[in-house]
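> Kindly generate the corresponding structure for this input.
(one chain, ligands or ions: 1)
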Amino acid sequence: MFCSTSFLRYRDRNPNFIQFQLLFLYALIAYVSTFTPTTIYSTTLNFKLTSNNYNNNNNNNINNVHRCKTIAALMAPRSVARLPSDADETETTETMTTTTTTKRLVLVGGGHSHLQVIKSLNHASRPENLDVVLIDSTDRPCYSGMVPSAVAGIYSPTEPLVDLESLAEWSKIEFVKDRVIDIDMDAKVVTTKENRQLPFDAISIDIGSTSRGLIDVPGAKDYTIPTRPISELVRKFEVATDVLEQNNNSNSGKSQPSVVNVVVVGGGAAGIELSMGVLGRWKPIVGETNISVTVLNSYNRIFPDETPANRKALLERLEERGIRVINDATVNRVDPDSLVLESGERIGFTHCLWATGAECLSELVCSLREHGLAVSDTGWIRVNESFQSVSHPFVFASGDCCTMELPGGDRSPPKAGVYAVRAGPVLIENLPRFLGRDGNDTGSVHNADGVDVDNASELELGYCDTSSFKTYVPQKDFLKLMACGDGKGLGFRFGIPIYGKWVFELKDAIDRSFLDLFQRENLPELVPGKQSYDTSQYDASSNRPPPLLSIEAALLLQRSDDDVDFQKAWNVLRDMAEDDDYRDDVLRYIDIALASSRDETACTV
Ligand SMILES: Cc1cc2nc3c(=O)[nH]c(=O)nc-3n(C[C@H](O)[C@H](O)[C@H](O)COP(=O)(O)OP(=O)(O)OC[C@H]3O[C@@H](n4cnc5c(N)ncnc54)[C@H](O)[C@@H]3O)c2cc1C
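Residues are numbered from 1 along each chain as shown. Alright, predicted model coming up:
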């Protein structure tokens with residue numbers, strides 16, 4: 001592949017290419033007739049299975065040559081891989097003499113970053129000798145950004161789902177629906193819950209996180225609806241809604257309608273969005289006076305890292321909906337119909353949502369730690385700015401499950417889908433490069449010395465020049481958008497709040513465009529050998545009109561009426577992100593407006 005790409009490049013530049021080709025052909029015929037045929041390249045993998053004859057001493061061979069008829073067969077429960085013999089490796093044809101090895105990349109989890117990797121490393125774009133396998137415990141993961149609005153009933157329960165299996169099928173990546181429970185770093189073998197085993201050359205982990213305290217706080221798992229696994233949240237919420245609707249129908253005409261007392265544990269973005277989503281969905285069912293929603297926040301104030309203007313705007317939105325926030329409220333225990341705080345106070349509920357923020361998936365992390373993988377005290381996989389493990393170069397991790405060790409000691413980004421998404425394009429470049437890419441030209445990539453390292457096929461596994469790796473510099477701030485459960489949205493960017501129907505429309509557009517990237521009907525027909533890696537992002541924008549005047553832009557961002565064109569406002573936010581002077585100018589006008597509105601009435605953004 002590397003060879004043929006070089007040929008194409010040469011042909012483009014050299015008018016004598018045809019003569020050169022003929023000469024090369026003669027030389028090849030002479031060569032083939034002089035020697036006996038040797039190993040040939042085979043795209044059909046012939047990995048054979050027997051029981052229990054896999055041997056760790058033979059790892060090198062396993063790493064160098066993976067051959068399988070189908071991965072599905074290989075992954076049959078309790079099967080282990082037999083080492084290919086020399087005879088397996090050698091086949092003969094009459095025309096070609098090339099040697100190559102197939103390398104296997106295993107993707108664990110189809111999270112936000114891996115969705116992009118699966119799409120990009122499709123069969124037409126990836127090196128021919130790169131074999132990719134995806135393992136996820138679900139074939140239809142749920143896109144969290146749309147979940148609060150699914151809870152609110154604005155989206156159907158299936159709208160946030162990603163058809164992972166179908167995406168993998170399009171990409172010709174083997175999909176295994178199973179849960180990974182162990183990754184042996186010495187043997188380089190993954191083990192799943194159903195006791196499947198799969199060797200790999202490189203592995204990338206994007207498994208997300210779980211809800212903090214769900215296991216440790218007694219009763220939390222039994223009596224609450226947790227945010228993780230997120231598709232379970234949607235399902236359990238639908239069940240609870242059905243019950244309420246049935247109760248309400250059977251109560252119609254009687255004097256006692258259902259009274260619901262919802263407690264949301266967690267005062268972060270997910271908890272706040274869910275509290276507004278529940279209210280939006282259930283208030284019409286039980287009536288305004290029969291529902292109360294309380295958010296328990298473990299900090300001494302809500303959103304402690306946000307600006308005062310953002311906090312003020314948030315509290316106003318909650319207050320106008322009648323949502324109560326209790327600060328300094330850490331839950332010690334959950335009983336069937338109440339929870340006990342650290343202070344000893346007991347708070348009753350009919351429904352409790354557990355939205356406590358991210359915690360590592362301890363089951364897998366324990367095994368990774370035992371195998372010597374560098375994991376932080378809190379259980380996150382330690383990676384560098386290329387998403388490569390700091391202890392095992394053949395391990396990559398991204399999204400919630402990793403913590404980044406950044407130059408200058410900068411803090412790892414927070415656990416948010418936004419950062420998991422931005423990791424995608426970096427992994428797309430680095431994973432094949434690590435394995436020795438063979439010929440996909442995705443643009444200019446140079447190492448520290450300015451040398452073109454695009455065709456990394458020359459690199460042997462384990463000798464990869466990591467200076468050619470793409471690195472990621474996390475953005476300090478990002479657009480935070482929360483659905484308010486009633487068709488409006490609240491957002492924060494550049495330290496200022498934005499609010500209104502247009503903010504929800506903006507969130508809806510962003511979320512849908514991300515999901516659209518992976519919908520089967522939007523995926524192009526693949527022509528082998530023609531595609532370069534697709535790293536297109538949901539929010540890519542070109543041909544924007546010239547920026548608005550700063551004062552106009554400031555006024556637009558502060559509007560909360562229904563007539564705001566969200567595209568226009570989005571353009572302003574993008575212009576501000578790209579031009580610091582423009583951003584500062586717009587913010588100056590907003591500061592003035594916020595100051596004067598503070599003098600007059602309560603600030604409404
Ligand atoms: C209600 C809610 C709303 C949110 N809204 C936003 C938002 O609007 N914007 C934002 O930036 N962030 C949001 N977040 C945070 C966001 O969900 C996470 O930061 C994001 O999902 C992390 O993505 P990820 O790629 O790390 O993992 P995930 O997207 O969680 O994907 C992990 C995948 O790995 C699979 N998996 C897990 N363990 C295993 C295993 N052992 N073996 C095989 N497969 C496994 C899972 O099935 C899943 O498919 C929200 C969170 C919640 C709870």
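> how close does Leu121 get to Glu174?
12 Å (C-beta to C-beta, to the nearest Å). (Glycine included, C-beta is placed from N, CA and C.)
> Look at these two and report which has more neighbours.
Leu121 (27 against 21; other C-beta atoms under 10 Å).
> Tell me who's in contact with the nearest residue to the more buried one once chain neighbours are set aside.
In space, and not counting its chain neighbours, Leu121 is closest to Val132: 5.4 Å by C-beta to C-beta, 6 or more residues apart in numbering. Counting by C-beta atoms under 8 Å, 6 or more residues apart in numbering, Val132 touches 104-107, 118, 121, 126, 171, 173-174.
> What does the pLDDT read for the residue sitting nearest the centre point of the chain?
Closest to where the C-alpha atoms of the chain average out (C-alpha atoms, centre = their mean) is His112, at 1.6 Å. With respect to pLDDT, His112 scores 97.
> ok, now Val365?
At Val365, pLDDT is 89.
> again with the one 4 residues further on
In the prediction, the pLDDT value recorded for Arg369 is 94.
> shouldn't it be in contact with Asp377?
No: using C-beta atoms under 8 Å as the test, Arg369 is too far from Asp377 to be in contact (10.5 Å).
> that older thread, isn't the residue nearest to the centre of the chain right up against Val421?
Yes: His112 is in contact with Val421 according to C-beta under 8 Å; the separation is 4.9 Å.
> Who has more neighbours out of Arg369 and Asp377?
Each of Arg369 and Asp377 had its neighbours counted (other C-beta under 10 Å), and the higher figure belongs to Arg369 (14 against 6).
> Now the more buried one: closest residue in space that isn't a chain neighbour?
Nearest to Arg369 is Val375, by C-beta to C-beta, 6+ apart, at 4.9 Å.
> Distance check, that neighbour against Ile205.
11 Å.
> tell me, what's touching those two both at once?
Contacts common to Val375 and Ile205, judged by C-beta under 8 Å, 6+ apart, are Ile381.
> Between these two, which is the more surrounded one?
It is Ile205, of Val375 and Ile205, that has more neighbours when counted by other C-beta under 10 Å, with 28 against 22.
> follow-up on the earlier one: return the residues in contact with the residue nearest to the centre of the chain.
206, 399, 417, 420-421, 423-424.
> do that again at 7 Å, thanks
By C-beta atoms under 7 Å, 6 or more residues apart in numbering, the residues touching His112 are 399, 417, 420-421.
> So the residue in the stretch 451-600 of the chain that the ligand sits nearest to: helix, strand or coil?
In the stretch 451-600 of the chain, the residue found nearest to the ligand is Leu481; the distance is 6.3 Å by C-beta to the nearest ligand atom. Following DSSP: H, G, I helix; E, B strand; the rest coil, we place Leu481 in the strand state.
> Repeat that for the one 5 residues further on.
On the three-state scheme (three-state DSSP), Asp486 is labelled coil.
> Disregarding flanking residues, what is the spatial nearest neighbour of it?
Gly280 (4.9 Å).
> Could you verify my assumption that that neighbour touches Ala483?
No: assessed by C-beta atoms under 7 Å, Gly280 is found out of contact with Ala483, at 8.7 Å.
> out of the two, which sits in the more crowded spot?
Neighbours were counted for Gly280 and for Ala483 using other C-beta under 10 Å; Ala483 has more, 30 against 22.
> now the more buried one, nearest residue through space, not along the chain?
Spatial nearest neighbour of Ala483, excluding adjacent residues (C-beta to C-beta, 6+ apart): Ser149 at 4.6 Å.
> what residues are up against that neighbour?
Per C-beta under 7 Å, 6+ apart, neighbours of Ser149: 155, 277, 483.
> Kindly state the beta-bridge partners for the closest residue to Glu306 other than its chain neighbours.
Leaving aside its sequence neighbours, Glu306 sits nearest to Phe492 (C-beta to C-beta, 6+ apart; 6.2 Å). On the basis of DSSP bridges, Phe492 is bridged to Lys480, Pro497.
> I'd guessed Phe492 sits against Pro308; true?
No: counting by C-beta under 7 Å, Phe492 stays clear of Pro308, with 11.9 Å between them.
> give me the number of residues near whatever residue of the stretch 351-500 of the chain ends up closest to the ligand?
Per C-beta to the nearest ligand atom, Gly399 is where the stretch 351-500 of the chain lies closest to the ligand, at 2.3 Å. Using other C-beta under 10 Å, Gly399 has 26 neighbouring residues.
> dump the residue contacts of it.
111-113, 206, 208, 420, 423.
> before we move on, what about Val390?
Residues near Val390 by C-beta under 7 Å, 6+ apart: 374, 382-384, 405.
> Who wins on neighbours among those residues?
Counting neighbours by other C-beta under 10 Å, Val383 leads those with 25 neighbours.
> wait, what's in contact with the closest residue to it other than its chain neighbours?
The shortest distance from Val383 to any non-neighbouring residue, by C-beta to C-beta, 6+ apart, is to Cys402 (4.7 Å). Contact analysis of Cys402 by C-beta under 7 Å, 6+ apart lists 380-381, 383, 387.
> what separates Asn327 from Val383, distance-wise?
Separation of Asn327 from Val383 (C-beta to C-beta): 34 Å.
> Which residues of the stretch 1-150 of the chain lie near the ligand?
108-113, 135-138, 141, 144-145, 147-148 (C-beta under 6 Å from any ligand atom).
> again, only this time at 8 Å
Taking C-beta under 8 Å from any ligand atom as the contact definition, the stretch 1-150 of the chain meets the ligand at 108-114, 135-138, 141, 143-145, 147-148.
> now the helices for the stretch 451-600 of the chain?
Shown for the stretch 451-600 of the chain, the helices assigned by DSSP state H, counting those that start in this stretch span residues 501-516, 550-557, 566-578, 580-600.
> repeat for the stretch 201-350 of the chain
With DSSP H, counting those that start in this stretch as the criterion, the stretch 201-350 of the chain has helices spanning 220-223, 230-251, 269-286, 308-321.
> State the pLDDT value of the residue of the stretch 351-500 of the chain closest to the ligand.
97.
> And for Ala577, nearest residue in space, chain neighbours not counted?
Residue nearest to Ala577 in three dimensions, not counting chain neighbours: Arg583, with 7.2 Å by C-beta to C-beta, 6+ apart.
> didn't the one you found look like it was pressed against Met576?
Yes: contact status for Arg583 versus Met576: in contact at 3.9 Å, counting by C-beta under 7 Å.
> which residues do those two both contact?
With C-beta under 7 Å, 6+ apart, Arg583 and Met576 have common neighbours Phe494.
> So for those two, which residue has more residues nearby?
Met576 (22 against 19).
> who are the neighbours of the helix or strand that contains Ala420, in terms of helices and strands?
Assigned by DSSP states H and E, Ala420 belongs to helix 417-435. If you count contacts as 3 or more C-beta pairs under 7 Å, 6 or more residues apart in numbering; DSSP states H and E, helix 417-435 packs onto strand 103-108, helix 112-120, strand 202-205, strand 395-397.
> So which residues make contact with it?
103, 105, 111-113, 116-117, 120-121, 126-127, 130, 144-145, 201-202, 204, 386-387, 396, 398-400, 413, 442, 456, 461, 464, 468-470, 472, 474, 478, 533, 535.
> Now do Gly271 against the ligand, distance only.
8 Å (C-beta to the nearest ligand atom, to the nearest Å).
> That residue: neighbour count?
Gly271: 24 neighbours (other C-beta under 10 Å).
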